[in-house]
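>>> What shape does this take:
(chains A and B)
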2 protein chains.
Amino acid sequence: MRQRAGLRLLLGQRLNNLISLTRLMEFEDLVQRYDKSRMVDLILSSPLEFEEYFEKYGEVSLPPSVAGVRMPGEWKSIVVLGMGGSAIVGDILRSYLLDRVDVPVEVVRDMRIPAHVGEGALLIAVSYSGNTMETLKAAMEGVRRGAYLVAVTSGGMLGQLAAKVGAAIYELPSGRPSRTALPPMLAAILRIVEAAGLAEPVNAREAAAKAREVVEEIRGDPLGSRPARIAAELDGKVPLVYSYQPYSPLGLRLKTQINENAKYHAFYAELPEADHNEVMGWEGGLAAPYHAVFVRGSKEPEELTVIIDYWREILGERGVRASELRSSGGGRLSEYLELMVLVDFTSYVLALMRGVDPTPVVTISRMKKVLEDRLHVSVHLRREMEELLSRH
Amino acid sequence: MRQRAGLRLLLGQRLNNLISLTRLMEFEDLVQRYDKSRMVDLILSSPLEFEEYFEKYGEVSLPPSVAGVRMPGEWKSIVVLGMGGSAIVGDILRSYLLDRVDVPVEVVRDMRIPAHVGEGALLIAVSYSGNTMETLKAAMEGVRRGAYLVAVTSGGMLGQLAAKVGAAIYELPSGRPSRTALPPMLAAILRIVEAAGLAEPVNAREAAAKAREVVEEIRGDPLGSRPARIAAELDGKVPLVYSYQPYSPLGLRLKTQINENAKYHAFYAELPEADHNEVMGWEGGLAAPYHAVFVRGSKEPEELTVIIDYWREILGERGVRASELRSSGGGRLSEYLELMVLVDFTSYVLALMRGVDPTPVVTISRMKKVLEDRLHVSVHLRREMEELLSRH
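Below you'll find the model as predicted:
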């Protein structure tokens, strides 16, 4: 009896191995067919890249003054400027520091900065290309008002501005989609707040350990992995992502990665706020085939567990399925890195399943061209920069 | 020839009057059938209510100390606590003050407050019922850390807490859904920042003039009004609302009002950020019958006009229709009040069209009961409050 059970187990394992192998071949075939720029390599090397860049950025130091303004003895606020793939790192920083830093952390996704941003503000401008209109305008306004600028960029006009006003530059690896540069961006921003004396240094190797394990799991059986199973469930549905602090930025990341990689609508809301309005959407008639995904941490307040259980009940009553991506523990940074791999790979597999190349974002590129053609944005930005610099 | 044209005009007008009259009767019929608590009266009296409460709250003053902590000579930050219908007023304040106040304004929709909230923070707790778990927990933590509390509430535990620690209370009219109390909430919060010396007083009568005009338009032909036409377009679709600063809170309000009043899913995103990710959702296959609504101000930077025009092009290419709710001018507050009437009435008509009573929010009420049953939330909150007060 025990022998037969053993045999069955052995056969089962072989069968599983065989299934994994078939799926591995199928995956490679999909990658070659759709992922022309091999985004997969960037996603699966993200924990390693985070470690590498964290090491590298440890060598950058903050100059005593920027654009003639001395580094403040005491910071009044941290303000991160960025758009899209370059903004999410600000959200992560904000959540990471939520209960750790004595000054407000604000993320500005706009051309205009709030009135309070001036002297005493640590102004971190994140623009992968260095040419993001909104970030550049906001950064210049900040410098004008005496904020202390730091640039995170691969170059472009932001790189030039930073060099000319004497700001520190955390140089990002160039030539790839900005959203795949999140690991170096995260390394940079953590090093910046460390150098500014606003946060303790972290152990990058330890923080990336869980994420590296997840990468190994995925490599072993990409199409059988947790993220791939969730991607399969999302295809043809309208994904609604829910998360809560301090994990919210990774929930939002899933939404935006689905948008950009899979060229597909997805929506995001934060708990417990969504309890007070969005939850009502499940009460009436549904106008679309929704699918919910909860992005969770390894630990959460009891209230949130009860709330999510209740949501699952309601979703069940409406015949709506729910999946979850959950980190497995470790420190907060470890959870972010683990969820980043899970979230990014989910959106990536969804792209393959939908038969689209995850890399190009034609509609965004076209919009930049439209802004250029109709408003000559880069000419104006360059002129604004010259004017600003002529004053220094 | 001219006579016949005149006759045609006259007949046309009579016909229009007749249509309006029929629609007026139809509207009254719908109201009586579905709107059992007559939310319509609250929506259409909102400009007037704003004026009244602005007058009334001018008499409340801020005490020199709260819970033994003196009012700061200089504020470090304004932090608004609230959830759902009580949080949006914080967003409005933040946008209203964006380029007018020298300190960061933060809206916290959570049980936990960021580490920086302590002495020097103006902590405005907004809870219509006074019993919102998240707001109460956050308010108590703020008081513990020495923040200066002000309460905006109709009573409940927040009212008790405020009374016991000597905080100012801006008392809201009771006995109605919290989301209909936005006009008095807005009046309160403007008076609070005025009393704290953080903003100039406003002319409430002037600010409400446009909104009063919009109300008159709606009263004349409710089902033929702009909001009603948009509601008709939204029925059966998945509404995606887009807006930009400083109007964003009204865009978000449309989403949440559709959720709560019409019991219907709707989603919101902010421009220009949505250009960098959400816009990609239009590139691939659509999993739902979407309908876009742009909530706009009377004036906007050129860049945003170009961006919205581009969105309209893309939507057109995908066969997706787009509507817009646009304010007609005046100061920023005037635009908010006007958009509030337009947005609220849109969600209200959608509720009638879908045949649901806009007032009850059963799924939210059930959740509060679940939290009570499983975690005895109010017992814990009361105990926490007693402990906090015993220290003062």
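>>> Which pLDDT value goes with A:A274?
On pLDDT, A:A274 comes in at 97.
>>> Same check on A:R382?
A:R382 is given a pLDDT of 97.
>>> Also A:S378?
95.
>>> I'd like the distance between it and A:T132.
Counting by CB to CB, to the nearest Å, the gap from A:S378 to A:T132 is 11 Å. Just so you know, the C-beta spots here come from the backbone N, C-alpha and C atoms, and that holds for glycine as well.
>>> Look at the two and report which has more neighbours.
A:T132 (31 against 16; other CB atoms under 10 Å in any protein chain shown).
>>> what sits against the closest residue to the more buried one other than its chain neighbours?
Leaving out its chain neighbours, the residue that sits closest to A:T132 by CB to CB, 6 or more residues apart in numbering or on different chains is A:M83, at 5.3 Å. Residues in contact with A:M83 (CB atoms under 8 Å, 6 or more residues apart in numbering or on different chains) are A:R109, A:S127, A:T132, A:E134, A:T135, B:P272, B:E273, B:D275, B:H276.
>>> A:A274 - nearest residue in space that isn't next to it in sequence?
Spatial nearest neighbour of A:A274, excluding adjacent residues (CB to CB, 6+ apart): A:Y242 at 6.1 Å.
>>> so the one you found sits in a strand?
Yes - the assignment for A:Y242 by DSSP: H, G, I helix; E, B strand; the rest coil puts it in a strand.
>>> that older thread, turn the contacts of A:M83 into JSON lines, including secondary structure.
As requested, these are arranged in JSON lines below (three-state DSSP):
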{"residue": "A:R109", "secondary structure": "coil"}
{"residue": "A:S127", "secondary structure": "strand"}
{"residue": "A:T132", "secondary structure": "coil"}
{"residue": "A:E134", "secondary structure": "helix"}
{"residue": "A:T135", "secondary structure": "helix"}
{"residue": "B:P272", "secondary structure": "coil"}
{"residue": "B:E273", "secondary structure": "helix"}
{"residue": "B:D275", "secondary structure": "helix"}
{"residue": "B:H276", "secondary structure": "helix"}
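>>> now, among these, which is nearest to B:S365?
Nearest to B:S365 out of the contacts of A:M83 is B:E273 (CB to CB; 33.6 Å).
>>> Just list the residues touching that closest one, thanks.
By CB under 8 Å, 6+ apart, the contact set of B:E273 is A:M83, A:G84, A:A87, A:R109, A:D110.
>>> ok, back up a step: isn't the residue nearest to A:A274 right up against A:L271?
Yes - counting by CB atoms under 8 Å, A:L271 is a contact partner of A:Y242 at 5.6 Å.
>>> got any residues that touch both of the two?
Joint contacts of A:Y242 and A:L271 (CB under 8 Å, 6+ apart) are A:I308.
>>> for A:M185, what are its contacts?
Per CB under 8 Å, 6+ apart, neighbours of A:M185: A:S86, A:V89, A:V126, A:Y128, A:V152, A:L172.
>>> same thing but 10 Å
A:50, A:53, A:82, A:85-90, A:92-93, A:126, A:128, A:152-153, A:170, A:172, A:178-179 (CB atoms under 10 Å, 6 or more residues apart in numbering or on different chains).
>>> Run a quick neighbour tally on A:G224.
Neighbour tally, A:G224, other CB under 10 Å: 17.
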